[in-house]
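A.B. asks: just the structure for this:
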Amino acid sequence: MKILFVHQNFPGQFPHLSTELVRRGHEVLALTDEKNQRSSAVRTLRYKAPDGVKTDSPLGRVYSEHAERGLMAARGARALRDRHGFHPDVIIGHPGWGETLFLREIWPEARLLVYAELMYRTRGHDVGFDPEISPATDEGRFLTVARSAHLMQGVLQADAAIAPTRYQADSFPPELRGKITVVHDGIDTDLVCPDPYASLTLPDGTVLTPKDEVLSFVSRSLEPYRGFHVLMRALPQVLKARPHAKVVLIGAEGVSYGGKPRDAGSWKEKLLAEVGGQLDLSRVHFLGRVPYDSYLSLLRVARVHCYLTYPFVLSWSLTEAMAAGCYVVGSDTEPVRELIRDGENGRLVPFFDVDALAGALIHGLAGDPDAPRLRQAARDTIVQGYDLRSRCLPAQIDWVESQGAMR
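C.D. replies: Prediction:
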């Protein structure tokens with residue numbers, strides 16, 4: 001088949017799928033934003049980045065911006081059709097930025113498949129979940145409805161969709177769920193695995209190993225969506241109870257989801273102003289963003305890994321932490337409960353309960369006698385249900401090829 005991937009940050013969620021389709025003999029191309037610097041073994045073409053949309057309407061701004069990106073992607077697709085004679089049998093795209101909106105007009109005969117990452121909802125998900133950070137208001141719900149328009153349209157137009165977790169698939173309205181197949185992106189459990197000889201060298205020269213009392217926290221950005229504020233408020237109790245513990249945090253100071261604090265330059269700055277005076281900051285290490293091998297080393301040396309999240313997209317970091325055999329203390333929120341069962345393959349605590357979180361972290365750092373069992377069960381969960389090579393990638397390939405056969 002001829003297959004086209006469309007993703008502004010390609011390969012995005014498709015690095016393994018795209019290369020495996022090439023290996024299987026399909027002709028695979030990718031169309032991406034001209035500013036995307038990520039490399040891929042797949043032949044990649046670029047469309048002109050949108051210049052931005054000027055509008056005074058906050059309700060219409062998101063749709064206008066994503067429609068503009070969709071227009072630029074469609075123009076790139078038209079050039080691919082008219083100048084190079086490319087006619088895909090299957091188009092695989094992420095509708096989150098509007099890129100798939102007009103592709104049907106370029107190739108009406110192609111099967112259009114989309115990645116259904118999450119549908120914005122006004123109740124029951126992230127909106128209004130954390131009143132301290134973003135209180136629920138009518139205006140906020142109006143904006144959420146407006147922001148969901150291009151996502152709804154993207155899945156409605158598609159012939160089929162794929163979602164990485166049941167929680168994320170179920171975020172879509174019942175009328176669209178029948179189109180969605182649940183298959184995780186997949187974890188390379190041969191690569192992401194425990195290593196009793198792992199070590200991590202901190203910027204101050206300290207070398208950490210699995211023998212040390214290390215608490216890890218990983219997030220693309222240090223922000224409330226991933227519970228950074230809750231963890232920081234728990235750390236005074238943790239460090240007081242465990243005088244030899246070290247806390248290592250990976251994540252940028254900006255925001256990936258939600259907004260910046262109104263009274264500080266970053267959430268890190270805000271939380272350090274709030275609780276920094278109660279912490280021995282020589283034992284709290286902010287590494288920012290790090291190379292992948294350093295991130296894996298942290299997971300492997302951690303005695304306890306903390307993962308908190310709003311009801312939202314599940315982070316790859318949780319599945320990789322479990323694959324690495326981490327003792328995970330997670331938030332008792334719906335996306336986490338899909339993977340972790342309290343007392344079976346990890347520990348769960350209420351998202352906002354600072355004392356409960358501190359107690360669970362202290363218990364784990366002190367040497368929970370159930371830790372070996374929980375660690376092994378965490379890894380088994382990923383190996384048995386989320387392994388890239390044996391389960392997820394074959395299921396993804398079957399999904400694409402079976403959809404292509406329907407053309």
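
A.B. asks: contact partners for the residue nearest to residue 387 when sequence neighbours are not counted?
C.D. replies: Closest residue to residue 387 apart from its sequence neighbours, by Cβ to Cβ, 6 or more residues apart in numbering: residue 189 at 5.0 Å. C-beta coordinates here come from the backbone N, C-alpha and C atoms, glycine included. When contacts are counted by Cβ atoms under 8 Å, 6 or more residues apart in numbering, residue 189 touches 323, 379, 382, 383, 387, 388.

A.B. asks: the second one - that's part of a strand, no?
C.D. replies: No: assessed with DSSP: H, G, I helix; E, B strand; the rest coil, residue 379 is helix; it does not lie in a strand.

A.B. asks: hang on, it packs against residue 320?
C.D. replies: No: taking Cβ atoms under 8 Å as the definition, residue 379 is not a contact partner of residue 320, at 10.8 Å.

A.B. asks: about what we covered before: pick the one among the contacts of residue 189 closest to residue 170.
C.D. replies: Residue 170 lies nearest to residue 382 out of the contacts of residue 189, by Cβ to Cβ, at 21.0 Å.

A.B. asks: can you say which helix or strand has the closest one in it?
C.D. replies: Counting by DSSP states H and E, the element that carries residue 382 is helix 371-385.

A.B. asks: which strands and helices sit next to the helix or strand that that helix is followed by?
C.D. replies: Of the helices and strands lying after helix 371-385 in sequence (DSSP H and E), the nearest is helix 393-405. When contacts are defined as 3 or more Cβ pairs under 8 Å, 6 or more residues apart in numbering; DSSP states H and E, helix 393-405 packs onto helix 15-23, strand 90-93, strand 111-115, strand 160-163.

A.B. asks: please save the CA atoms from the helix or strand that the first one is followed by in CSV.
C.D. replies: Looking back up the chat, that one is helix 15-23. Later in the chain than helix 15-23, the nearest helix or strand by DSSP H and E is strand 27-33. The C-alpha coordinates for strand 27-33 follow below in CSV (Å, rounded to 0.1, in the frame of the first residue of the first chain):
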residue,chain,number,x,y,z
GLU,A,27,5.5,2.8,0.4
VAL,A,28,5.5,5.2,3.3
LEU,A,29,5.8,9.0,3.3
ALA,A,30,5.3,11.6,6.0
LEU,A,31,4.0,15.2,5.8
THR,A,32,5.0,17.5,8.6
ASP,A,33,5.5,21.1,9.6
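
A.B. asks: so which other helices or strands are in contact with strand 27-33?
C.D. replies: Other elements packing on strand 27-33 under the criterion 3+ Cβ pairs under 8 Å, 6+ apart are strand 2-6, helix 15-23, strand 43-47, helix 58-84.

A.B. asks: relative to residue 182, which of those is closest?
C.D. replies: Short answer: helix 15-23, nearest of these by Cβ to Cβ, at 15.1 Å.

A.B. asks: let's see that closest one as PDB, backbone CA atoms only.
C.D. replies: Taking Å, rounded to 0.1, in the frame of the first residue of the first chain, the C-alpha atoms of helix 15-23 are listed here in PDB:
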ATOM      1  CA  PRO A  15       8.000   6.100  15.200                       C
ATOM      2  CA  HIS A  16       7.700   2.300  15.400                       C
ATOM      3  CA  LEU A  17       4.500   2.000  13.300                       C
ATOM      4  CA  SER A  18       5.900   4.000  10.400                       C
ATOM      5  CA  THR A  19       9.200   2.200  10.200                       C
ATOM      6  CA  GLU A  20       7.600  -1.200  10.600                       C
ATOM      7  CA  LEU A  21       5.300  -0.500   7.700                       C
ATOM      8  CA  VAL A  22       8.300   0.400   5.600                       C
ATOM      9  CA  ARG A  23      10.000  -2.800   6.600                       C
END
